[in-house]
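# Next input, structure requested:
(chains A, B and C)
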Amino acid sequence: MNPTEIYDALAEIAAEPFDATEFPFAFAAATDGAKAAISKLRSGSTNKSDLPGGVLFGKKFHFAPALAGMTDVTLDQLHSSKKTKTSKPAILIATDGEMISAEHPASGDTLHCRFDELGDNFGFFLPAAGKERYRAVEENPVDVKATGKLARLYDTLTKANPDWGCDERRHEMNQLMMRLIFCMFAEDVGIFPDNQFSRLLFTHAGDKGEEARETIIAAFRAMNQAKDKRDGLPAWTGELEYVNGGLFAGTIDAPRFDAVAFRYLREACDLNWREINPDIFGSMIQSVADPKQRSELGMHYTSVPNIMKVIGPLFLDDLDAEIHKAWDRAKGLQQVLDRMSRIRVFDPACGSGNFLVVSYRELRARETRILRRLEELIGPGSLTMFSAISISHFYGIEIADFAAETAKLALFIAEYQANASFAEIFGRRPAALPLKDAAHIRTGNSLRINWAEVCSPPGEGEDVFIVGNPPFAGSTYQTADQKDDMRELLSGHFKTFKDLDYVICWFFLAARYLRSNNASAAFVATNSICQGQSVPMFWGNTLSENFQIQFAHRPFKWTNNAAKNAAVLCVVVGISAGNNRKKVIYDGDLREEATSINGYLVEGPNVAVAASNSALFNLPKMYRGSAATEGGNLILTETEAQDLSEQFPEAAKFVRKFQGSKEVVRGEMRWCLWIKDEDVELAWSIPPIAERLRAVAKFRAASKNAVTRPAAETPHRFWFISGEAESHSILVPRVTSERRPYLPVVRVGADVISSDLNQVLYDAPEWCIALIASRLHIVWIGIVCGRLESRYRYSNTLGWNTFPVPKFSEDQLEALSASARKILRCRYSHYPATIAELYDPDKMPDDLRAVHRENDDLLETMYIGRPFRNDTERLEKLFKLYAAKVKSQDAKGAKA
DNA sequence: AATCCGACACTCG
DNA sequence: CGAGTGTCGGATT
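Here you go, the predicted structure:
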């Protein structure tokens, strides 16, 4: 059950007459209890309650009936019940049929409400259904309730009017919803007098909504006409306000309402729309038109703090500095106001308009501050002006029609709310109706639209700020349409681009827009665009004299108030056409000025380490381990391996030790079937192996990947075999935790097959271990390789092949090998501690720290004659060596 | 033939 | 139920 359904079920209970014996089972059903479990509960066999008349339903809830007016006392009894302590139910609930007292023991939150408000407090009871409470519920219940009602209304309307659910009429449907929302909002905040809209609607629409369609059409037509021009419309429409403003322009139609839809409409009208919060609300009601989005309820809306990370450094901070400077000079403040009146904000992926709404609100707040100050400076009442910041200065492009309509509406509401607080302070406000301006929201694919046509480039003395949080999609997650967009846009401009994230397209278009205009842009993006291969692919090719990163937020975890958050780290990257302003890097709470910011979002010149297929500094060749790609059929657990060898002794030769990165770090072992081509027949003759091979073939044949399918012909082989060791292998996990002070690296015998989750040096000298286990190396890898969220990702092409080392002498190599042996010996001395335990930053043994320190000092002295002072110095040296090598190679390449 | 990545995908406490 | 931490194979070159 989703939250909306739980809301409905609880509301239904609240509407029925109260029955103390039946209530707990109805409540169990409403909070997603399984039928069978409830009938067991009813029979008493699973009811563990120790209170009279009580019902304790597993970990879900503990209920007890209360005497009239005593719900508090009963809740106390529930709270101190022994059974509550042992069973730990998510919710305690007591009721006498009049009032409810409830508690969420995990947080200590309590709820007291009337019985008939049970449904309205559904958020509180979600834990009984095994759902974490949706935190926005606590912040703003109206938003959530409104979303639920509107979703219901939308569903029933499209079900009763199938033509309204199809593509051709979707826009009209969305418009209808927005107009209804506007009317409900307007009458609750006093733009319309005295519940005018719903009063007339429910007077003329019939008891069950028989005439709802005609009534709504007439009402909307009236609102689109000045009061004296309403010929041909029913007389009752005469008192409706003239709204216009684009909101009621265009076709006006409505679907037929059945009794159910009409009831939802009535319930929606009954909500208090005064309280809605336009920035969050907009994101939530996007889910109204898209059932797929409902389970995520706003997973991808940008929270206000994250929006501030974009618009603060992009323009608000500068504005604040100007205001501060002019604070005592009326003339100076007037100039700031003047400038603000010529600011335009453009979000080319605006969704329901969060960025635009928040930007608008922030600008209006600053304007109000200035006007107040001006009154202090030149006397009260001396100003008659009203706001010069119009919502028509806000531009957006959005691909989903419903969201685009929401954005327009959200700005109307934001405008109204800003005017209301203006009126509170200055006692004057413009007439709310008719609506004058509207935001410019274009519905369409942002990557196929000329941005300059949507938001004309700024003229002299004007500013355009481009903001937003465009969608992220890595190459594996892109749809065919998105791939088309990328090809259309980027081919011809980049050698390779298909591995770039979809979000890059917005940076590309923003850069194009601001190259010829005095504008700047900043977007939220996935952190991967500033890591690993994306940096040489994109930033390395684009950053230049006249296009720079102006500010950046280093990676931060994505959060908003939605119940389920997207799992991703984000960055904010602000770009501007070349200018000499100071650059700023934000990292958590830190703010640091810089002279230039490179594609890795660190201070420094525009370096971008490109993947290299061979080692630039004469290091041994590093391979990726062998990739099985077999749906789990060639891999065995310890018991599977033992059983196989015992039952079929001739199979023993095919069973090999097998380690991926997890096994390396935790000191574990798996097994795999490793069958040489010459043994194929023997392998197929062993039944359990044959069975596995058939499964491998089936799995590969069914692959979506054209490169995998041919390997179905040779199911006995790993899909990709990189090599086999003669004496030993050195394994480096390709993804590992970022908490460890050194990268994990181990030496294993030739009997171990490494999976492709490790990078492998086959039969390489021991000094390689000393390099990989060094501080220098982890610092280099941390910068130039990609990351999985924040985890280290070890790549041979990006990290190992590019790792700069000085030319070592034989003696030096011998010293490094001895140092590597010392590290290994020290680890053995702590046997059976695993790599994970040994390198846990909180538990790392002192002696191991000491040998690593010695190893670092030894290696670093070979670079500069002494240990480095800090990581900044390490990176500077490494990048210097790298740059010199690339330069000399280019020179060689040019000669040849 | 070889490699990078994941608005991720698990597990464990 | 979120903090911790690495699977697996598709897509690309």
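# Downstream of the lowest-mean-pLDDT helix or strand in chain A, the next helix or strand is which one?
Across the helices and strands of chain A, mean pLDDT, DSSP states H and E gives its lowest value to helix A:135-139, namely a mean of 37. With elements assigned by DSSP states H and E, the helix or strand that comes after helix A:135-139 is helix A:141-160.
# Does anything pack onto the next helix or strand after that next one? Which helices or strands?
With elements assigned by DSSP H and E, the helix or strand that comes after helix A:141-160 is helix A:162-165. For helix A:162-165, the packing partners by 3 or more Cβ pairs under 8 Å, 6 or more residues apart in numbering; DSSP states H and E come out as helix A:141-160, helix A:167-189. (C-beta placed from N, C-alpha, C; glycine too.)
# Now for residue A:41: which residues touch it?
Applying Cβ atoms under 8 Å, 6 or more residues apart in numbering to residue A:41 gives the contacts A:24-25, A:28, A:33, A:47, A:55, A:57.
# Alpha carbons only: can I get the host helix or strand of it in CSV?
Secondary structure from DSSP H and E places residue A:41 in helix A:35-43. Written as CSV, here are the backbone C-alpha positions of helix A:35-43 (Å, rounded to 0.1, in the frame of the first residue of the first chain):
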residue,chain,number,x,y,z
LYS,A,35,-5.4,-10.8,5.6
ALA,A,36,-4.2,-14.1,7.0
ALA,A,37,-2.2,-12.4,9.7
ILE,A,38,-5.2,-10.3,10.7
SER,A,39,-7.6,-13.3,11.1
LYS,A,40,-5.0,-15.1,13.2
LEU,A,41,-4.8,-11.9,15.3
ARG,A,42,-8.5,-11.9,15.6
SER,A,43,-8.6,-15.5,16.8
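# got the buried residues for it?
If you call a residue buried by 16 or more other Cβ atoms under 10 Å, then helix A:35-43 has these buried ones: A:38, A:41-42.
# mean confidence for it?
Across helix A:35-43, the average pLDDT comes to 88.
# what about the residue in the stretch 301-450 of chain A that DNA strand B sits nearest to, neighbour count?
Across the stretch 301-450 of chain A, the shortest distance to DNA strand B (Cβ to the nearest atom of the strand) belongs to residue A:302, at 7.0 Å. Using other Cβ atoms under 10 Å, residue A:302 has 24 neighbouring residues.
# Likewise for the one 3 residues further on?
The local packing of residue A:305 (other Cβ under 10 Å) involves 11 other residues.
# gap between the residue in the stretch 151-300 of chain A positioned nearest to DNA strand B and residue A:511?
Proximity of the stretch 151-300 of chain A to DNA strand B (Cβ to the nearest atom of the strand) peaks at residue A:300, 4.8 Å away. Using Cβ to Cβ, to the nearest Å, one gets 24 Å for the distance from residue A:300 to residue A:511.
# So the residue of the stretch 301-450 of chain A closest to DNA strand B sits against residue A:469, correct?
Yes - Residue A:302 is in contact with residue A:469 according to Cβ atoms under 8 Å; the separation is 4.5 Å.
# Mutual contacts of those two, please.
Common neighbours of residue A:302 and residue A:469 are listed as A:354-355, A:524 (criterion: Cβ under 8 Å, 6+ apart).
# Which of the residues you listed fall within strands?
Residues of the shared contacts of residue A:302 and residue A:469 located in strands (DSSP state E): residue A:524.
# Just send the shared contacts of residue A:302 and residue A:469 back as a markdown table, with distance to DNA strand C, pLDDT and neighbour count too.
Below are the shared contacts of residue A:302 and residue A:469 laid out as a markdown table (distance: Cβ to the nearest atom of the strand, whole Å; pLDDT from 0 to 100; neighbours: other Cβ atoms under 10 Å):
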| residue | distance to DNA strand C | pLDDT | neighbour count |
| --- | --- | --- | --- |
| A:354 | 23 | 90 | 28 |
| A:355 | 26 | 95 | 30 |
| A:524 | 20 | 96 | 24 |
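# Return the member of the shared contacts of residue A:302 and residue A:469 nearest to residue A:586.
Taking Cβ to Cβ as the measure, residue A:524 is the one of the shared contacts of residue A:302 and residue A:469 closest to residue A:586, at 12.8 Å.
# Can you give me every residue that contacts that closest one?
The contact partners of residue A:524, by Cβ under 8 Å, 6+ apart, come to A:302, A:306, A:309-310, A:468-470, A:570-572.
# Mind picking the two most distant members of these?
Top of the distance list for the contacts of residue A:524 (Cβ to Cβ): A:309 and A:470, 15.1 Å.
# Can you give me the domain boundaries for chain A?
A:3-133, A:143-290, A:302-445, A:470-605, A:609-626+A:728-896, A:628-659+A:668-719 (automatic domain parsing).
# These: which one's closest to residue A:452?
Taking Cβ to Cβ, domain A:470-605 is the member of the domains of chain A nearest to residue A:452, at 6.6 Å.
# My understanding was that residue A:457 contacts residue A:466; is that so?
No - using Cβ under 8 Å, residue A:457 makes no contact with residue A:466, being 11.1 Å away.
# With neighbour numbers in mind, choose between these two.
Counted by other Cβ under 10 Å, residue A:457 and residue A:466 do not tie: residue A:466 has more neighbours, with 28 against 14.
# Which helix or strand contains that one?
strand A:463-468.
# Can you mark which positions in that strand are buried?
Neighbour-count burial for strand A:463-468 [16+ other Cβ under 10 Å]: A:463-468.
# now swap in stretch A:851-863 and tell me
Buried residues in stretch A:851-863, counted by 16+ other Cβ under 10 Å: A:851-852, A:855-856, A:858-860, A:862-863.
# Check whether the helix or strand following the strand holding residue A:466 comes into contact with DNA strand C.
Using DSSP H and E, the helix or strand that follows strand A:463-468 in sequence is helix A:480-490. Yes - against DNA strand C, helix A:480-490 shows contacts by Cβ under 7 Å from any atom of the strand at residue A:483.
# which residues are in contact with helix A:480-490?
A:445, A:447-448, A:473, A:478, A:497-498, A:500, A:502, A:504-505, A:508-509.
# and the gap between residue A:530 and DNA strand B?
Residue A:530 sits 10 Å away from DNA strand B, taking Cβ to the nearest atom of the strand, to the nearest Å as the criterion.
# list the contacts for that residue?
A:539, A:552, A:555, A:571, A:573, A:599-601.
# Skip the chain neighbours and tell me the closest residue to residue A:698.
Spatially, and ignoring its direct neighbours in sequence, residue A:698 is nearest to residue A:712 (7.6 Å; Cβ to Cβ, 6 or more residues apart in numbering).
# So what's the residue count around that neighbour?
So residue A:712, with other Cβ under 10 Å, has 16 neighbours.
# what's the answer for residue A:254, then?
So residue A:254, with other Cβ under 10 Å, has 22 neighbours.
# May I have the phi/psi pair for it?
Torsion angles at residue A:254 (phi, psi; degrees, to the nearest 10) stand at phi -150, psi 150.
# pLDDT at it, what is it?
So, for residue A:254, pLDDT stands at 95.
# what does residue A:291 give?
Reported pLDDT at residue A:291 in the predicted model: 57.
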